[in-house]
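Q: got a predicted structure here, sequence first:
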Amino acid sequence: MSDPTVDPDAALSAVRREKPLVNSLTNAVTINDVANVTLYWGGLPVMSDDEREVGEMVAGAQACLLNMGTVSEAGEAAMVAAGEAANENGVPLVVDPVGVGATPTRNRVAERLVTEVRPDVIDGNYGEISAIAGEESEVRGVESVGEYADIAETAVAVARQTDAVVVASGETDVVATDEAAFEVRAGHPMMGEVVGTGCMQGVTVATFAGAMDDTLTATLAGTLAFGVAGEAAADGQFGEYAGPESYKTAFLDAVAGLGGVDLPDGDERIERVVEAEA
């Protein structure tokens, strides 16, 4: 497997040119942030989550996000329906298994979303990806805690289990296929001080996947662009901030204005760290 060529400028231009319609079934805590991030990247957000229409909406979309942060019984049914519609219509599907590993209910819902439907991308934090792999993890509520020294290898294992591209987000994000894992070195610690950045990263990947042909390249480009936006906000390029709330505003402005920032080449920030055995 050769390393993918990741050009963040070209990827961002593709999103703004294609204006992908992204249907997000996401949690009540961050629904507005998820919608805004989709729009600020250049996509078109829609938040259809009613089982009666969600399949029809997804069929006409270019990408779909399933985020189980505050999933209810009705929400679970709607997510499965949306996922099946995405599979049937060739719509890129991103699953964010929020809080898997915290409770048996979340474990069961996550298992449905990665087995009954076929996600193109699974995007979770270190603990969530470890939980899906069946490895020891520590998830408290929806937050990953603990140490995950072998997260790259774990992400490859999940990619092999699910045939999906896997994002394990943390201090350094890891993007994996069944053949290799790549570290994406971008971001800033302030991003971890804002509730919902994981949800916003998931829809970022969905938005890029909706505008690009190759899922791995789109996932790497979206993950890199998201981290660079976090850096630009922390550097004050989009206004001064005094704490997490004003940083969040600067970050959202950075997403909207990233086209005016010098973006690093993919080979500067993306490194293959695991070569899976055949």
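A: Everything's here; your move. Residues are numbered from 1 along each chain as shown.
Q: low-confidence ranges, the stretch 51-200 of the chain, go.
A: Under the criterion of pLDDT under 70, the regions of the stretch 51-200 of the chain flagged as low confidence span 136-148.
Q: the helices in the stretch 151-278 of the chain, which residues?
A: Assignment of helices within the stretch 151-278 of the chain using DSSP state H, counting those that start in this stretch yields the ranges 151-162, 197-209, 215-234, 244-257, 266-269.
Q: turn these into a markdown table, including mean neighbour count and distance to residue 106.
A: Every C-beta, even on glycine, is put in place using the N, C-alpha and C of the backbone. Conversion of the helices of the stretch 151-278 of the chain to a markdown table gives the following (neighbours: other Cβ atoms under 10 Å; distance: least, Cβ to Cβ, whole Å):
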| stretch | mean neighbour count | distance to residue 106 |
| --- | --- | --- |
| helix 151-162 | 23 | 16 |
| helix 197-209 | 29 | 15 |
| helix 215-234 | 26 | 23 |
| helix 244-257 | 18 | 26 |
| helix 266-269 | 16 | 32 |
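Q: tell me which of the ones you listed lies nearest to residue 188.
A: Each of those has some distance to residue 188 by Cβ to Cβ; the shortest is helix 215-234, at 4.0 Å.
Q: what's the offset of the closest one from the middle of its chain?
A: From the chain centre to the centre of helix 215-234 is a distance of 10 Å (Cα atoms, centre = their mean, to the nearest Å).
Q: dump it to CSV, restricted to CA.
A: Written as CSV, here are the backbone C-alpha positions of helix 215-234 (Å, rounded to 0.1, in the frame of the first residue of the first chain):
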residue,chain,number,x,y,z
THR,A,215,-12.4,7.6,1.7
LEU,A,216,-8.9,7.3,3.2
THR,A,217,-7.7,10.5,1.6
ALA,A,218,-10.8,12.4,2.6
THR,A,219,-10.5,11.1,6.2
LEU,A,220,-6.8,12.2,6.4
ALA,A,221,-7.5,15.6,4.8
GLY,A,222,-10.5,16.3,7.1
THR,A,223,-8.7,15.2,10.2
LEU,A,224,-5.7,17.4,9.3
ALA,A,225,-7.8,20.4,8.4
PHE,A,226,-9.7,20.1,11.7
GLY,A,227,-6.5,20.1,13.7
VAL,A,228,-5.0,23.0,11.7
ALA,A,229,-8.2,25.0,12.4
GLY,A,230,-7.6,24.3,16.1
GLU,A,231,-4.1,25.5,15.9
ALA,A,232,-5.0,28.7,14.0
ALA,A,233,-7.6,29.5,16.6
ALA,A,234,-5.1,29.0,19.4
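Q: so what secondary structure elements neighbour it?
A: On a contact count with 3 or more Cβ pairs under 8 Å, 6 or more residues apart in numbering; DSSP states H and E, helix 215-234 meets helix 8-18, strand 165-169, strand 173-176, strand 180-184, helix 197-209, helix 244-257, helix 266-269.
Q: contacts for the helix or strand following the first one, please.
A: So the one you mean is helix 8-18. Towards the C-terminus, the helix or strand next in line after helix 8-18, according to DSSP states H and E, is strand 21-25. The set of residues that contact strand 21-25 without belonging to it, under Cβ atoms under 8 Å, 6 or more residues apart in numbering, is 31, 34-35, 38, 43-49, 54, 57-58, 60-67, 75, 78-79, 82, 203, 206-207, 210.
Q: residue 69 should be in a strand, yeah?
A: No: judged by DSSP: H, G, I helix; E, B strand; the rest coil, residue 69 forms no part of a strand; its state is coil.
Q: so who does the spatially closest residue to it that is not a sequence neighbour touch?
A: Excluding the flanking residues, the one nearest residue 69 by Cβ to Cβ, 6 or more residues apart in numbering is residue 27, at 2.9 Å. If a contact means Cβ under 8 Å, 6+ apart, then residue 27 has 67, 68, 69, 70, 71, 98, 199 as its contacts.
Q: can you say which of the helices of the stretch 151-278 of the chain is nearest to residue 125?
A: Comparing the helices of the stretch 151-278 of the chain by their distance to residue 125 (Cβ to Cβ), the top pick is helix 197-209, with 6.1 Å.
Q: quick one: that closest one to chain centroid distance?
A: Computed by Cα atoms, centre = their mean, the separation of helix 197-209 from the middle of its chain amounts to 4 Å.
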